[in-house]
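**Q** Just to be clear, the model below is a prediction. Sequence and coordinates:
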Amino acid sequence: MHRSLIGVLSAVLVVAFAPAATAAPAPRAACPERPGMARCLTSYPPVRALADGPAGWGADDLASAYGLPASPGPETVVGISIAYDAPNLEADLAAYRAQYGLPPCTTANGCFRKVNQQGLSAPLPEASFGWALESTLDVSMVSAACPSCRLLVVEGNSPGFADLAETEDTAVRLGATVVSNSYGAREGGAPLAFASHYQHPGVAVVASSGDAGFTAASYPAVLATTIAVGGTSLARDPSSARGWAESAWQYGGSGCSAYIAKPSWQQDTHCGKRTVADVAAAADGIAIHYADAGGWLPVNGTSASAPFVAGLIARSGHATAPADLYAKAARFTDVTTGDNDPAGGGKKCGGDYLCVAGPGYDAPTGVGVPNGLTGF
């Protein structure tokens, strides 16, 4: 293992599968934070990857937890907007899909396509360990949600806002009707200048809400044209009819915008502008195969929940908009426990719904988590 990789792994302070009551150190993104750029929203624990099998929730667990139908669904094109190249992406995807009995998704059968931000197969950007980990999580989660969907990965030259905006436009131009964005930056003037690139008629744009708990709203999730996806922690619960329990993930992002006007379809009262998030899904302890780290890793982040929701939207066959989720709020499973205050207890927001889950809408989990495809 390269010395630089060992250093990255050692620096990450996430304890996977810690009980909800255990105070775990704050996770750090796999992608370094750089001024004026977005960063991917994935973290991973300082453990050795497993070569012989997954550690974490897999596609079968997610299908069970969210009541996904047995039929695979349509061949909707899901675009994945990302920075840098992931050289082993197709091979890692093949390992993931084979592990969970999902049909092959390859360049040869037309299911998988990877291009640069101009939409060309070459030249691709330089590789990045952290962003490639993110790409691997993205394609795995879309696959888990929609085994029949086609994957279009558009790689930006950098995590700069202009480059990522171009990947968004390219994904739509090449046929994506759902685009997933697993990155974020603090909202403000520079990012918001590219807001128009996240609005395409008839296209569902999905983004991670962030991995820093209750804080400033994250771009592009904060845009009113974007479906902002928060994070939850899953646990098996044989005593419940669902068989699963779910709570707000401790580090899932939520926030009250300082810039984006309150959309008419959002009715919460303690934030005068756009509130993040809209909906949520599992973001804690997700299994992926990443050969560059040695095999199977459990990873964390709303970078898992956003592409999973993107895959469900694609599987539903509907051009879901943020307003649709609120109109169908009763069709989601309400998450009523947990908070996204890393210090615990919701002290950061005074126990308010902006950082504490409760009945009805709350910022960490939005209107709730998917109950099959009924909400889309």
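**A** Arrived safely, thanks for sending.

**Q** Quick check: the gap between the residue lying closest to Cys111 once chain neighbours are set aside and Asp339.
**A** Computed as CB to CB, 6 or more residues apart in numbering, the closest residue to Cys111 that is not its neighbour in sequence is Cys105, at 3.8 Å. All C-beta spots, glycine's among them, are computed from the backbone N, C-alpha and C. Using CB to CB, to the nearest Å, we find Cys105 at a distance of 37 Å from Asp339.

**Q** more crowded one of these two?
**A** Taking other CB atoms under 10 Å, Cys105 and Asp339 do not tie; Asp339 has more neighbours (30 against 22).

**Q** May I have the beta-bridge partners of the more buried one?
**A** With beta bridges defined as DSSP bridges, Asp339 has these partners: Val356.

**Q** Next up, the contacts around it.
**A** Applying CB atoms under 8 Å, 6 or more residues apart in numbering to Asp339 gives the contacts Ala248, Gln250, Gly345, Gly346, Cys355, Val356, Ala357, Pro364.

**Q** Show me what the helix or strand in which Ala207 is found is packed up against.
**A** Using DSSP states H and E, Ala207 sits in strand 204-208. For strand 204-208, the packing partners by 3 or more CB pairs under 8 Å, 6 or more residues apart in numbering; DSSP states H and E come out as strand 178-181, strand 183-186, strand 226-236, helix 302-316.

**Q** Toward the C-terminus, what is the element adjacent to the second one?
**A** Note on strand 183-186: by DSSP H and E, the next helix or strand toward the C-terminus is helix 189-192.

**Q** Would you mind measuring from the closest residue to Ala127 other than its chain neighbours to Arg150?
**A** When the adjacent residues along the chain are set aside, Ala127 lies closest to Asp85, with 4.8 Å between them (CB to CB, 6+ apart). Remark: distance between Asp85 and Arg150 (CB to CB) = 20 Å.

**Q** for Ala59, same thing?
**A** Between Ala59 and Arg150 the computed distance is 17 Å (CB to CB).

**Q** Tell me which of these two has more neighbours.
**A** Between Ala59 and Arg150, Ala59 has the larger neighbour count (other CB under 10 Å), namely 24 against 21.

**Q** what's the pLDDT at that one?
**A** As predicted, Ala59 sits at a pLDDT of 98.
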